[in-house]
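Chemist: sequence unknown, structure follows:
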Ligand SMILES: [Zn+2]
Ligand SMILES: [Zn+2]
């Protein structure tokens, strides 16, 4: 008998500030979110380091390029 898996089921991470998608088998995308939500922390932004929550990197990139050109 084949078990029917919930394939591709996605939902948002349960931590409010987080923009990540997790599978329906998970609640949080990371330990960070689990911990933050558990402590009812009021954060301005999720810091789970996943792409959906990452800060815009354009500025960092420009700095890196600038440094490279002065070498
Ligand atoms: Zn996040
Ligand atoms: Zn998350």
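Modeler: Good, I have the coordinates. Just so we're clear, the structure is a prediction, and the values are computed from it rather than from any experiment. Ligands and ions are numbered 1, 2, ... in the order given.
Chemist: now name the helix or strand holding residue 32.
Modeler: Residue 32 belongs to helix 31-38 when assigned by DSSP states H and E.
Chemist: and that helix, average pLDDT?
Modeler: For helix 31-38, the mean pLDDT works out to 92.
Chemist: may I see the buried residues of it?
Modeler: Within helix 31-38, the residues that qualify as buried are 32, 33, 34, 36, 37, counting by 16 or more other CB atoms under 10 Å. Glycine gets a C-beta too; all of them are placed from N, C-alpha and C.
Chemist: save those residues as a markdown table, and put in distance to ligand 2 too.
Modeler: Shown next, in a markdown table, are the buried residues of helix 31-38 (distance: CB to the ion, whole Å):
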| residue | distance to ligand 2 |
| --- | --- |
| 32 | 7 |
| 33 | 3 |
| 34 | 8 |
| 36 | 8 |
| 37 | 9 |
